[in-house]
Structure formats: C-alpha cells, structure tokens
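Engineer: dropping a prediction and its sequence here:
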Amino acid sequence: MSDLSGEIIDGRYQLTRLIASGGMATIYAALDLRLDRHVAVKIMHPHLAQDEAFVARFIREAKAAAALTHPNIVAVQDQGWNQGGAPAVFIVMELVEGNTLRDYLHEQGSLNIDQAISVITPVLSALAAAHKLGIVHRDIKPENILISKDGRVKIADFGLARGALLGTTMTIESSVILGSVSYLSPEQVQRGIADARSDIYAVGIVLFEILTGEKPYKGEDPIQIAFRHVNEKVPAPSTLKPGIPPEIDALVQRATSSNPDQRPKDASELLQELNAISEKFNPSKSQMSLELDLPPLSNKPVKERSKRNMPKSMAALITKTDQIINKEPVADTLKKDEKNISNTAEILKKRKVSKRVKRNRVIALGIAIAIGIIAWFVILGPGARVVVPSVVGMSVKNATSEITPLGLQVSVKDEIFSEDVANGKVISSEPGGGGKIETGGTVYLNVSKGKERYDVPQLRGLTPDAAIKAIADRNLKFGAQSEAFDSEIPIGYVISSNPLKGEQVKRDTVINILVSKGIEKIDAATYVGKSGEQALNELTDSGFKVNVTYSFDESIIKGLVVKQSPDGNQAIPKGSTVELIVSKGSQFVIVPNVINKGIADATRDIVNSDLQVVVKKIGTKKIKTVTNIAPKAGTKVKRGSKITITVG
C-alpha cells in the first residue's frame, strides 16, 4: 500500500505521517480537522477491503473496542469508509505517543521482576474489563502493548476481538496472516477456537518473553512454531534466566497450560494471583499504578537509528567517517592564525602544514566517497539485502503482492501435498520469512496442492493379480485377500474392496479385497413321500426357491410329494429353484350308495366324492327318495364323472 500521508480521509482526517504497517492495515498519525485534535487512523489494505469477511472483521473491531472504556485500552473514536479520494475502510483511535513493549525489549533485552509485573498488571486489568463484557482480544503480543511517554500501558489493536459467544473459529492459515503464532494457544492451533483463556495463554507467553528476553519456541516457519505450542510444555522462565522466583515460574506455567481448563478462567482471576505475588515481593506496593518505572528509551536521531539495519562494521565505519568530515578542518584554523603571525618563516612553515592537511582532506574525502559507494551497494544498490516477509498460509497472489514491492521476484518452485495447508496456499518460502536476500533476487515458493488423496479403483470382476496392480498404480498398498460365496461373480474373481470403490484415501492406504468362491451349494434332502407343506417350508428356509405343482397319483396319497427336481440328497446352488410335484390322490372314486335317501342328502354324498349329480324325477309323491342310481353304487369311476339319480 502506497504512503497516503497528506491525504484527507472522509473530509475530516488529514493523514500526517505513517506510523506502522501490518498484515491487515496501515496506521497513520492524523489531525481531526473538525475537532482539531491528533488521532491515529487505521486503514485496511486495499486488497483486503475487497473481501467482505475482512471488512466485517474490521468493522467488528471498531464495535468491540468502542464498547470498552478503560484507561489501559486504546480508545476507538470513529469508523467509516472514505467516500472521496483514496478508497479506504478506516478506524479512528486515540493517538498514543510513545513506544511499544517490543521497542523496550529490542533495546533492554528483558525486564526485571518489578518492571515485568508493572507491565503485565495493567494489561490484565484491561483484559479483565474486556472479558467481563464477553470480548476476547485474541492477539496479545508485545507489538500490541503500548507504553505512552508518561509511562501508561495501553492495549491496542482489538483487531481480532469478537464476542466470546459469537462465531470465534479461526484456522491456522488465518492465524498465520492475522495473528502472531508465537502467542497462539493450543486450542487456536488445533480447533481454531478462542476464549478468555486464550488471552491468558498469550499473556503468559508475553510474561515469559519480557522476563527472559526470548520467546519460548523457535522454528523455521510459523506453522512449526504453532505446533510446538500444541505438543510441548512451555518451560519455566528460570530455566533460561536463573534467579526468577518459583512463584513467577508457577504463574507462567499455569497461564500457559496446554489444557485451557487448567488456566485461570479469565484475566480477573490471573490478576488476583499476580497481585498476591506482587504483594509478597513488595508489600508496600499494593495498588496498581497507571505509570511505569521503566528506563527511558534512547532518543537517537533517525539517521543514527537507521544504522541498526546495517552490518555492525559498516555502521561503525560510516560513523567514524562522519566524525572525520564533520570536524573543523585544521587548515581553517591555520588560516585564522595567519592573520596574527608576522614572522614570515613561521607563516611559510604553517603553509606547508596546510598543504599536508589539504592532502589529508582529499584522502578523507576519497575514503568517504568509497564508503558511500559501498554503503549504497550494500543498502540500496545491487548488493542490498532485503528481509523476506513471512508469506506462509497466503495465496500465491497475496504472497506476490507482499514480496514484489520490496524489489524481489517471485517464483513457484514446487507444488507439494500438505495435510495442514489448504490447496493453493504457501507452505514455505526460500529464503524463509525473516531471511535476507539481495535486491532483485528471487523468492521461491513451495505451494500446497492440498491433501494428497487417491480414489480407490474399480476392482470388481478383476482377477486378484490385476486388482493388486490397479491398487499399486494408484499409490495405494495391497493388504489381504479373503474369500466369500457370490451368486454373480465367478469363482476366483474380485467381488469388492475395502475401502470401497470411489472412496478418497491417503497415499499408501491399505486396500483389502474379497474374492469369489463361486455360488454356495447346499445339501437338499429328499422329500418324496413326505408332506408337501413340510418340503416347501424347509427348502425355503435353506435359501432355495420352490415351485409346487399338483397331479393325481394312484400310489401316493393326497398331500404327499410325488417327485422332486433336482433329486434330493445332493448339493445344489443356494438360491436355485427346486421343483416339487405333490399328489392330489387317485383319479378314481367309488360311486356312493344313496338309494332311499332324500335329494339333498344324496346330492351331498355324491359331490363329496368329487362327482357331479344329475337328478331325474318321476311319480307324484310329495316326499321323493332315490329309487335308482347310474352307474350303480360301488362302481369305480373317474373323479368328476356324472352320476344320475332317479327320485320318486
């Protein structure tokens, strides 16, 4: 983002100078033209202003922080969109003249116990007020702890603050961009969840750092550091700096417990514990002071401070040359003395000295020019070395936007599968973040291809050998072969796989196959001469299909099995059809004797014998009985035959 100093935002805030720039926004000192007061204006980077999620987060920062009124919290005064001129989404905050805690650590290295407690106490007081309102800061670090010129501590940048009960998930990838991984709690790394106890963890890490002068973990990239927070226990500060009291060690380790339930529940609880320790060390200092007793930072000129980024030998050499050039030349002094010297010989002698001094001046000037050329080469020219920003977790486009303004080239070196970094995001860079490279050099990016996954191939119907080859071709491993009966797949061919076809699995996942033993055969019993109903039930229960037909049989009584196909007492395929012929009994019946019976009784007896009745009436009797039957009673006839009875 280009320097907007001099611009007027929203017709009200005139940007006077650039203060700082981060991954999300740039902060300017500004003049409120309406109220004639000095303020700080935080402007979101233009490429992020196009992202609705980032804009929502930015506005949420203003609302969250504006709800907090506390002497140790940087006040938010306004928020808006610049309608004219440079497009900008911005927040207006109070301007705190002073330094960050990071500045103190850079210059002092570390703080003593009293100074550390004096810093952390107001930090916890401010967080206690936020936690009481359900607001979590989520980005506590030395860069966000300001110390004003009058010694007052203020927490800045509630840029990640949200209501604790609202959506608070946050991915590792976003943490790398928006937060500082050195202060991320294990639950933020693992689950993207933050609450008041996550702030407690960050405060514990800050306390560790200001006591020892070092962060507890180092790593080649932010993700490595983040996962050390998950898998390792934060050491006691006294292991790095002997002499730190055990009470402070215990406080730091309780605050940085990997289990959130083992930390103080919020800043108020940790503040009480810290106050108890403070009173033990210094009983007279029982009340929190709004001002700190820290050694003042040096007020070095900007020119001199800029030498910090040079090699020490180069800075020293330039300083020494400055001293040579800035001193009053000896020749000038001699010229003044000449006016008061009357002795000609003395004058001539001093003029010889003057020539020697002039020669020295030429030499000094030559040295200065040479040093200037070397300094230009190293600092600004082809030999300049630029610090590479950390771009881990960014898209290639965003990483390029971060790197190319520094005069560097960007090239994608490799695309690598990653279980942790999303597809299209940067896994690492060469050089890594914080490394140095000559101006014009190329930063090589290793980009994630996402999680390495392979589809389980279709193995059904293949031979085992063909299936094993297909598994290997997909970067998967063959496991075991088992067998099962199958009514569709021929014996010796693959029925299915586990995992199933089409499932996405990791490289080298073991695939097991199930091979067909063919159709299962079952021994079928012989049911000829047995009950047809029994045969039907037992065959069905054994997994066979049964087709039953009925026929007359002179030797097998009705209801018994006459014939079975396939024959019994042999193994036949499970699920196949068994044909049963069940006897309807003999097709012949004996004509019953119905002589002298009434019409109704005679008809019933004949019909019950599976015969048909034909009635022939004679005479005039009222009550008629059977007088004759044809064929005669006792005759053997086919079922269904017609029997004629004469009644009279």
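Structural biologist: Arrived safely, thanks for sending.
Engineer: I'd assumed residue 142 was in contact with residue 100.
Structural biologist: Yes - using C-beta atoms under 8 Å, residue 100 is in contact with residue 142, at 6.3 Å. Glycine gets a C-beta too; all of them are placed from N, C-alpha and C.
Engineer: neighbour-wise, which of those two wins?
Structural biologist: Between residue 100 and residue 142, counting by other C-beta atoms under 10 Å, residue 142 is the more crowded of the two (22 against 18).
Engineer: separation between that one and residue 390?
Structural biologist: Residue 142 is 17 Å from residue 390, where distance means C-beta to C-beta, to the nearest Å.
Engineer: cool, residue 520 as well?
Structural biologist: On the measure of C-beta to C-beta, residue 520 and residue 390 end up 64 Å apart.
Engineer: who's more crowded, those two?
Structural biologist: residue 390 (21 against 14).
Engineer: what about that one, which SS state?
Structural biologist: Secondary structure assignment for residue 390 (DSSP: H, G, I helix; E, B strand; the rest coil): coil.
Engineer: mind listing what residue 399 touches?
Structural biologist: The contact partners of residue 399, by C-beta atoms under 8 Å, 6 or more residues apart in numbering, come to 391, 410, 426, 429, 445.
Engineer: mind doing that once more with 10 Å?
Structural biologist: When contacts are counted by C-beta atoms under 10 Å, 6 or more residues apart in numbering, residue 399 touches 389-393, 410, 412, 425-426, 429, 443, 445, 447.
Engineer: show me how to select, in ChimeraX, the buried members of those residues.
Structural biologist: In ChimeraX syntax, the buried subset of the contacts of residue 399 is picked out as below (16 or more other C-beta atoms under 10 Å):
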select :389,390,391,392,393,410,425,426,429,443,445,447
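Engineer: return the item of the contacts of residue 399 having minimum pLDDT.
Structural biologist: Ranked by pLDDT, the contacts of residue 399 bottom out at residue 390 (79).
Engineer: and the nearest residue to residue 197 once chain neighbours are set aside, how many neighbours?
Structural biologist: Closest residue to residue 197 in three dimensions, ignoring its sequence neighbours and counting by C-beta to C-beta, 6 or more residues apart in numbering: residue 260, at 4.2 Å. Residue 260 sits with 18 neighbouring residues when counted by other C-beta under 10 Å.
Engineer: still on that earlier bit, need the residues touching each of residue 100 and residue 142.
Structural biologist: residue 106.
Engineer: returning to that earlier point: now the contacts of residue 399 as JSON lines including distance to residue 181?
Structural biologist: Formatted as JSON lines, the contacts of residue 399 follow (distance: C-beta to C-beta, whole Å):
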{"residue": "389", "distance to residue 181": "14"}
{"residue": "390", "distance to residue 181": "9"}
{"residue": "391", "distance to residue 181": "14"}
{"residue": "392", "distance to residue 181": "9"}
{"residue": "393", "distance to residue 181": "10"}
{"residue": "410", "distance to residue 181": "22"}
{"residue": "412", "distance to residue 181": "23"}
{"residue": "425", "distance to residue 181": "15"}
{"residue": "426", "distance to residue 181": "14"}
{"residue": "429", "distance to residue 181": "15"}
{"residue": "443", "distance to residue 181": "20"}
{"residue": "445", "distance to residue 181": "19"}
{"residue": "447", "distance to residue 181": "20"}
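Engineer: what is the nearest of the contacts of residue 399 to residue 15?
Structural biologist: residue 389 (23.5 Å; C-beta to C-beta).
Engineer: distance of the closest one relative to residue 191?
Structural biologist: From residue 389 across to residue 191, the span is 28 Å (C-beta to C-beta).
Engineer: and for residue 535?
Structural biologist: Counting by C-beta to C-beta - residue 535 and residue 191 are separated by 65 Å.
Engineer: of those two, which one has the most company?
Structural biologist: Each of residue 535 and residue 191 has its neighbours counted (other C-beta under 10 Å); residue 535 has more, 24 against 11.
Engineer: now the more buried one: closest residue in space that isn't a chain neighbour?
Structural biologist: residue 527 (3.6 Å).
Engineer: tell me, how many residues neighbour that neighbour?
Structural biologist: Per other C-beta under 10 Å, the neighbour tally for residue 527 reads 21.
Engineer: can you tell me the element it falls in?
Structural biologist: Following DSSP states H and E, there is no helix or strand that holds residue 527.
Engineer: which residues does it contact?
Structural biologist: Per C-beta under 10 Å, 6+ apart, neighbours of residue 527: 534-536, 538-539, 560-561, 563-564, 568, 578, 580, 582.
Engineer: rerun at 7 Å
Structural biologist: Contact analysis of residue 527 by C-beta atoms under 7 Å, 6 or more residues apart in numbering lists 535, 561, 564, 568, 580.
Engineer: what subset of those residues is buried?
Structural biologist: In those, burial by neighbour count holds for 535, 561, 564, 568, 580, counting by 16+ other C-beta under 10 Å.
Engineer: below-threshold pLDDT in this protein: ranges please.
Structural biologist: Counting by pLDDT under 70, the chain shows low-confidence ranges at 1, 61, 83-87, 159-179, 283-384.
Engineer: okay, helices next: where are they in the stretch 101-250 of the chain?
Structural biologist: With helices called from DSSP state H, counting those that start in this stretch, the stretch 101-250 of the chain shows them at 101-108, 113-132, 172-178, 186-191, 196-212, 222-231, 246-255.
Engineer: for residue 491, which of these is the nearest?
Structural biologist: Using C-beta to C-beta and comparing those, the one that lies nearest residue 491 is helix 186-191, at 50.3 Å.
Engineer: coming back round to it: against residue 254, how distant is the residue nearest to residue 197?
Structural biologist: In terms of C-beta to C-beta, residue 260 sits 12 Å off from residue 254.
Engineer: how about residue 576?
Structural biologist: From residue 576 across to residue 254, the span is 74 Å (C-beta to C-beta).
Engineer: ok, now residue 479?
Structural biologist: 47 Å.
Engineer: repeat for residue 222
Structural biologist: 26 Å.
Engineer: who's more crowded, those two?
Structural biologist: Legend: neighbour count by other C-beta under 10 Å for residue 222 and residue 254, higher for residue 222 (24 against 15).
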